[in-house]
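Participant: okay, structure incoming, though there's no sequence with it:
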C-alpha cells in the first residue's frame, strides 16, 4: 500500500465519521426534556469517541510524517553520495531521486496541512463535547428541580387536604349546633310540655375535673341540663381545645369522650354548650 492509498483511506475514514455525526444529529429530535437528556448524553458519547478516533488518526499520520522525513533524509544522503561520483554515471539516478524527493515534499506538505486541519477539527469537537456535557448537567439539574418541586407540591396538597377535612368537621359541628338551636327555639305542638322541658336545655357551664387519655369528667350533670350524647365545647381562655361528647351522666357530674381536639385538654379547662355566653 503506497502513501497516496493510505492518505485516501484516512480521508475516507474521516468523512465517514463526520457524516455519521451529522446524520445522528439530523435524525435525533428530542420529544421532551428526559428524551432530550438521553439524546444529548448519547451525542456527547459519540463526539467523545470521534475525538479519540481523530487523535488516533492524527498520531498515525504524525508517525507517517516522521517516516517520510526519515526517508527524505536518507534520499538526500544518497544524492550527496551520488554527486561525489561521476555525473555521467549517476545523472539519471540523481534525477529520479530528486523527483522522489519532490514527491515526498509534496506528500509531506499535504500531510502537514491535513494534520493541522485535524487539529482544528479536534479542537472543535472538544468544544462541542464540553457543550454537550454542559447540556447533560443542565438536564440533570432540571430533572432534580422538577422532582423537588413535585415533592413540595405534594406536601402542600396533603396539608391543604387536612385543613379542608378539619374545616369540614367544624362546619358539620356547627350545622349540628344550628339544628339543635333551631329545635330549641321552634314552637312546640305540646305547649306546656315544651315549657317544662326548656330549663333542661339552658346554658351549661362546667369545669373539667379529670382527664384520662381521650376521656374527661366534668362537675355538672342532669340537674344542670347535661344529657347523654350531648356535644359540649372545651376551651381554655380564648383558645378552642376540642369537643366533649357526653357518654355517662348522673345528677351532679358527667363523663365523655374528647373528639376533634386541637389542644391537649387539662384539668381546669372550661366546658359549655354555647361559646357566645
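Facilitator: Thanks, I have it. Because the structure is predicted, anything quoted here is derived from the model rather than measured.

Participant: which elements pack onto the top strand by length along the chain?
Facilitator: Criterion DSSP state E: the longest strand present in the chain is strand 239-249. Identification of packing neighbours for strand 239-249 by 3 or more Cβ pairs under 8 Å, 6 or more residues apart in numbering; DSSP states H and E yields strand 231-236, strand 254-259. Backbone N, C-alpha and C define where each C-beta goes, glycine included.

Participant: so in that sheet, which strands flank the first one, and in what orientation?
Facilitator: According to DSSP bridges, strand 231-236 has the following sheet partners: strand 239-249 (antiparallel), strand 270-272 (antiparallel).

Participant: one step back: need the contact partners of the longest strand of the chain.
Facilitator: 173, 208, 216, 218, 221-222, 226-235, 254-265, 269, 271 (Cβ atoms under 8 Å, 6 or more residues apart in numbering).

Participant: only whichever of those are buried, select them in PyMOL.
Facilitator: Of those, the buried ones can be selected in PyMOL as follows, counting by 16 or more other Cβ atoms under 10 Å:
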select buried, resi 208+216+218+221+226+230+231+232+233+234+254+255+256+258+260+265+269+271
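
Participant: against which helices or strands is the longest helix belonging to the chain packed?
Facilitator: Longest helix of the chain, by residue count under DSSP state H: helix 87-185. Where contact means 3+ Cβ pairs under 8 Å, 6+ apart, helix 87-185 is packed against helix 3-27, helix 33-83, strand 231-236.

Participant: now with 10 Å?
Facilitator: helix 3-27, helix 33-83, strand 231-236, strand 239-249 (3 or more Cβ pairs under 10 Å, 6 or more residues apart in numbering; DSSP states H and E).

Participant: let me have the ones you listed in TSV, extended by mean pLDDT and distance to residue 132.
Facilitator: Output for the helices and strands packed on helix 87-185, formatted as TSV (pLDDT from 0 to 100; distance: least, Cβ to Cβ, whole Å):
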stretch	mean pLDDT	distance to residue 132
helix 3-27	73	11
helix 33-83	80	3
strand 231-236	91	65
strand 239-249	91	61
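
Participant: which one of these lies nearest to residue 147?
Facilitator: Smallest distance to residue 147 across the helices and strands packed on helix 87-185 (Cβ to Cβ): 11.6 Å, for helix 33-83.

Participant: centre of the chain to that closest one, how far?
Facilitator: How far helix 33-83 lies from its chain's middle: 42 Å, per Cα atoms, centre = their mean, to the nearest Å.

Participant: same question for stretch 133-141.
Facilitator: Distance, centroid of stretch 133-141 to centroid of chain: 12 Å (Cα atoms, centre = their mean).

Participant: over to stretch 139-151?
Facilitator: Computed by Cα atoms, centre = their mean, the chain-centroid distance of stretch 139-151 equals 2 Å.

Participant: what's the answer for stretch 121-138, then?
Facilitator: On Cα atoms, centre = their mean, the centre of stretch 121-138 falls 23 Å from the chain's centre.

Participant: show me what contacts residue 233?
Facilitator: Residues near residue 233 by Cβ atoms under 10 Å, 6 or more residues apart in numbering: 173, 177, 204, 240-244, 270-275.

Participant: neighbour-wise, which one of the residues you listed leads?
Facilitator: Highest neighbour count within the contacts of residue 233, by other Cβ atoms under 10 Å: residue 244, with 30 neighbours.

Participant: got the strands paired with strand 231-236 as a markdown table, with distance to residue 70 columns?
Facilitator: Formatted as a markdown table, the strands paired with strand 231-236 follow (distance: least, Cβ to Cβ, whole Å):
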| stretch | distance to residue 70 |
| --- | --- |
| strand 239-249 | 97 |
| strand 270-272 | 107 |
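
Participant: to residue 49, which of the ones you listed lies closest?
Facilitator: Per Cβ to Cβ, nearest to residue 49 of the strands paired with strand 231-236: strand 239-249, 69.0 Å.
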